[in-house]
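[1] Give me coordinates for this.
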Amino acid sequence: MAPVLVTAWSASWRGLLGYPVRHTFRCRYCRLPSASEAEALKVMTVPVPRDLPPERLHPAAATAHIPACPDCQPRARRIIHALCRAAEAKNYTIRNPETGSAASLVITVGDSSFPLSFHEGSYEVPDPSGAKYDWQRVTARTTRPSHELELSLEHTYAHRGRRSHWGDRQRWRLEDKLPALFREIAPRAHAEYERLQVQQRKEEETRQRWLTAMQQARTALLEDHRLKALRTQVQAWQEATAIRAYCDALEDHHATTDVAEATTASTTWARAYADRIDPVPQNPGLPDPPTITPEDLRPYLRGWSPYESKRA
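    Down below sits the predicted model:
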């Protein structure tokens, strides 16, 4: 059963009649906002001056590109002036957009930039300039400025579903919606910060895996280099040992024959050659490390690029 709502009036009568006054129930749909929510819901005012000389405009407002009719230009620049002052009061950065951009102003919060664009509405009316005669039907149309300004945040996929347009309507003017613009920028900036943090963590994790793969590749290449040198030494030792054994067999076989002198010359040269190729008397150590290039590491990287932290 739903809880009974005891109002302050009924609670006072319960006290007068001698009944104990219990704690009042609060409907779960009437939850009071938390401290952080209350702070976010505070009404922020962005005062727009009614009249402001051009020389007193904020530099960004004075040089902003505003696609509006001459009649609306002063009002639009006063709105941008108010946005600049309010943004600087919140320690945001204000700048003009780059050349070629359709934006009128860029507000930067931390590492995130939010371009703002001004637009003026228009409507179609008949264009009688093309009619040659008074009785001729006018079919041509032309557009005229509606003097209704609209301000929009750049629409991005990361902030899809969020409000990004404010403008003049029958019930309010654009100046009344400037606080809503700043209330929209704050969560966007926080979302951008969180997204950048996640992206940086992923990039750092990827970089660490790449560094580990590079170190393992160097170790594997050095190991192969040493194994190749070891196999070469073992093969040379086995060949020298086989030559000496062959020489011993020749000398034993030809010890009582007439060809002993020729055999001795052959075995003498063969033993000298075996001594030259035998690595054991040379006391070989570890081979000098090779000069490693990125391309030398590619076969050991298992799909990683040898130049940067990404998959090849």
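[2] Run through the residues that contact the closest residue to residue 207 other than its chain neighbours.
    Excluding the flanking residues, the one nearest residue 207 by C-beta to C-beta, 6 or more residues apart in numbering is residue 309, at 4.4 Å. Every residue, glycine included, has its C-beta placed from N, CA and C. Contacts for residue 309 (C-beta atoms under 8 Å, 6 or more residues apart in numbering) come out as 203, 206-207, 209-211.
[3] one more time with 10 Å, if that's ok
    Residue 309 makes contacts with 203-211, 213-214, as judged by C-beta atoms under 10 Å, 6 or more residues apart in numbering.
[4] Among the residues you listed, name the ones in helices.
    Counting by DSSP state H, these place 203-211, 213-214 in helices.
[5] Just the buried residues from these, in PyMOL please.
    To isolate the buried subset of the ones in helices among the contacts of residue 309 in PyMOL, counting by 16 or more other C-beta atoms under 10 Å, use the following:
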select buried, resi 210+213+214
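[6] Show me which of the ones in helices among the contacts of residue 309 is closest to residue 196.
    Residue 196 lies nearest to residue 203 out of the ones in helices among the contacts of residue 309, by C-beta to C-beta, at 10.1 Å.
[7] Backbone torsions only: list them for the nearest residue to that closest one once chain neighbours are set aside.
    Sequence neighbours aside, residue 309 is the residue nearest to residue 203 in space, at 7.7 Å (criterion: C-beta to C-beta, 6+ apart). Backbone torsions of residue 309, given as degrees, to the nearest 10, read phi -80, psi 70.
[8] Residue 113 too?
    phi -110, psi 140.
[9] quick one on the thing from earlier: just give me the closest of the contacts of residue 309 to residue 48.
    The nearest member of the contacts of residue 309 to residue 48, counting by C-beta to C-beta, is residue 203 at 42.3 Å.
[10] Do a quick rundown of the helices in the protein.
    Under DSSP H, the chain gives helices at 8-16, 35-40, 59-62, 73-89, 178-253, 260-277, 294-297.
[11] Tell me which of the ones you listed approaches residue 49 most closely.
    helix 73-89 (5.6 Å).
[12] how far away is the residue nearest to residue 203 from residue 181?
    To residue 181, residue 309 is 39 Å away according to C-beta to C-beta, to the nearest Å.
[13] count of neighbours near residue 151?
    23 (other C-beta atoms under 10 Å).
[14] Enumerate every residue touching the residue nearest to it when sequence neighbours are not counted.
    Setting aside the residues directly before and after it, residue 151 is nearest to residue 166 in space (C-beta to C-beta, 6+ apart), at 5.2 Å. Contact partners of residue 166, counting by C-beta under 10 Å, 6+ apart, are 149-153, 172, 174-178, 180-181, 184.
[15] now do 7 Å
    Residues near residue 166 by C-beta atoms under 7 Å, 6 or more residues apart in numbering: 151, 174, 177, 180-181.
[16] got a list of what residue 271 touches?
    244, 247.
[17] From residue 155, how far out is it?
    Counting by C-beta to C-beta, the gap from residue 271 to residue 155 is 87 Å.
[18] before we move on, the earlier item: same list (the helices of the chain) but as a markdown table, adding mean pLDDT and distance to residue 95.
    Converted to a markdown table, the helices of the chain look like this (pLDDT from 0 to 100; distance: least, C-beta to C-beta, whole Å):
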| stretch | mean pLDDT | distance to residue 95 |
| --- | --- | --- |
| helix 8-16 | 42 | 54 |
| helix 35-40 | 49 | 26 |
| helix 59-62 | 93 | 7 |
| helix 73-89 | 93 | 10 |
| helix 178-253 | 92 | 15 |
| helix 260-277 | 86 | 75 |
| helix 294-297 | 94 | 40 |
